[in-house]
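Q: quick one: sequence plus predicted model below, questions after.
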Amino acid sequence: MSTNDFKPFATGAGANVTNQADWQALPALQSGFQAGKASSSQVNKAIRQASFIAAALAQYVSDKAGVDTLDDGNLSGFVTKFTSAINKQSQPLDATLTALAGLATGANKLPYFSGLEVAAQTDLTQTGRDLIGKSAVSDVLSYLGLGDGTGRLIKTTVITSSQTFTKDPSMKFCRVRIVGGGGGAGGVPSTTSGGTASISGGAGAGAYAEVVLPTGSVPSSLSVVIGSGGISQATAGSDGSASSFGSIITCPGGKKSATGTLITTASSLSMGAPASDAPTINAGSVVFVTIGSGGGYAMSTAAGITSGEGGSSFMGSGGPARYAGSGSQAGGGPGAGGSGVAIGSASSALNGGAGIDGRCIIEEYA
């Protein structure tokens, strides 16, 4: 226990001290003791009042600062110990606390710092208090009506040309939707007069896949390849190329259709492209997959001639069937196949419709 040299004087029972009422009425409280003798009880009262407070203050310093309070005449040393004792129970004067103390408090107000050691207040609504009181992100999302925290959409990336995809560090899982490039339709050769015509079938669409992948299945970055649509040309069309999400998902492109058929009879058909190959999925949970639809037949009837329509993908409609002399039509959306073409007699060769490039849409969730 720390030592305290300062003791109160005349505090025992029955001590010879003037009672409080007589002490408060004593003229010497104003003028001090004058010539003559003061009574011992009066002197004892004066000494007790001073020593009692001194002893109490010294004991406080010893108790709170845990140091000895010695009657050694070291005034500066006592001041240091006294300051230490005060600081054990109160915060020393601080610019930050001074800034806060200068605010006029009010209902529904929240203090904040608008600069270095500069405090201000802003309104704190019931909604704000509710949000602050939530203990987990899922609770906040539920309060805001955004779900339970297991499927919060944080980012959507639409990729239309081959590039590197970098996942968000906070991603827990993603949903990938991807389609291969659409096929290009075959063109038709020129025709002569005398009732000949030429028709070609439509090209096929690219395959489609929709897959949910946990973050562990997706590297921090990977290559996304967007399949090209088949080109428009007068001879046979060209296949669309595959789209891929790293080595995880591959969606083959749509199939081409052949060069158009020269016809001389009223009733005739020209084959469209077959369906695409099936997607390949190496991870995750499959939501939906489909092969790309094949192209439509071109037809010649007594009523007229039409080309084959392009195959529709899951992301876009194929080029519509065309009538004699109206040219071909490219696919109408990602992965769609181009339409064939139809011409009557004495017409120049025409190109088939082009396929449309594939696409990849990545939705990341936290």
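A: Alright, I've got the coordinates. Numbering: from 1, shown residues only.

Q: average pLDDT for stretch 56-67?
A: Stretch 56-67 comes out with an average pLDDT of 90.

Q: stretch 242-260 now?
A: Here stretch 242-260 scores 96 as its mean pLDDT.

Q: report the buried residues of that stretch.
A: 242-246, 248-260 (16 or more other C-beta atoms under 10 Å). All C-beta atoms are positioned from the backbone trio N, CA, C, and that covers glycine.

Q: could you do stretch 154-161 as well?
A: Across stretch 154-161, burial judged by 16+ other C-beta under 10 Å covers 157, 159.

Q: which element is the residue lying closest to residue 239 once chain neighbours are set aside on?
A: Counting by C-beta to C-beta, 6 or more residues apart in numbering, residue 256 is the residue found nearest to residue 239 once chain neighbours are left out, at 5.0 Å. Following DSSP states H and E, one finds residue 256 outside all helices and strands.

Q: do the same with residue 87
A: Secondary structure from DSSP H and E places residue 87 in helix 75-89.

Q: so who does residue 285 touch?
A: 211-213 (C-beta atoms under 8 Å, 6 or more residues apart in numbering).

Q: report pLDDT for the nearest residue to residue 220 once chain neighbours are set aside.
A: In space, and not counting its chain neighbours, residue 220 is closest to residue 167: 6.1 Å by C-beta to C-beta, 6+ apart. On the pLDDT scale, residue 167 is placed at 95.

Q: so residue 167 makes contact with residue 366?
A: No. Taking contacts as C-beta atoms under 8 Å, residue 167 lies outside contact range of residue 366: 11.2 Å.

Q: report the secondary structure state of the residue nearest to the spatial centre of the chain.
A: In the chain, the C-alpha nearest the mean C-alpha coordinate belongs to residue 154, at 3.9 Å (C-alpha atoms, centre = their mean). The assignment at residue 154 comes out as strand when based on DSSP: H, G, I helix; E, B strand; the rest coil.

Q: report pLDDT for it.
A: pLDDT for residue 154: 91.

Q: report the separation between the residue nearest to it when sequence neighbours are not counted and residue 138.
A: Using C-beta to C-beta, 6+ apart and skipping the chain neighbours, the partner closest in space to residue 154 is residue 366 (4.8 Å). According to C-beta to C-beta, to the nearest Å, residue 366 and residue 138 sit 11 Å apart.

Q: who has more neighbours out of the two?
A: Using other C-beta atoms under 10 Å as the criterion, residue 366 and residue 138 rank with residue 366 on top: 18 against 15.

Q: where does the stretch 251-366 of the chain dip in pLDDT?
A: Along the stretch 251-366 of the chain, segments meeting pLDDT under 70 span 265-266.

Q: strands of that one, start to end?
A: Secondary structure of the stretch 251-366 of the chain (DSSP state E, counting those that start in this stretch): strands at 261-263, 268-270, 280-281, 285-290, 298-301, 304-306, 342-343, 359-365.

Q: how about the fourth one: buried residues?
A: Right, strand 285-290. 289-290.

Q: from the chain's centroid, how far away is it?
A: 26 Å (C-alpha atoms, centre = their mean, to the nearest Å).

Q: the residue nearest to residue 154 against residue 152, yeah?
A: Yes. Using C-beta under 8 Å, residue 366 is in contact with residue 152, at 5.1 Å.

Q: before we move on, back to that, could the contacts of residue 285 be laid out in JSON lines, adding secondary structure and distance to residue 77?
A: Shown next, in JSON lines, are the contacts of residue 285 (DSSP: H, G, I helix; E, B strand; the rest coil; distance: C-beta to C-beta, whole Å):
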{"residue": "211", "secondary structure": "strand", "distance to residue 77": "78"}
{"residue": "212", "secondary structure": "strand", "distance to residue 77": "74"}
{"residue": "213", "secondary structure": "strand", "distance to residue 77": "72"}
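
Q: contacting residues around the closest residue to residue 353 other than its chain neighbours?
A: Of all residues not flanking residue 353 in the chain, residue 338 sits nearest, at 2.6 Å (C-beta to C-beta, 6+ apart). Shown in contact with residue 338 (C-beta under 8 Å, 6+ apart): 182-185, 202-203, 229-230, 232, 237, 310, 318-319, 328-331, 352-356.
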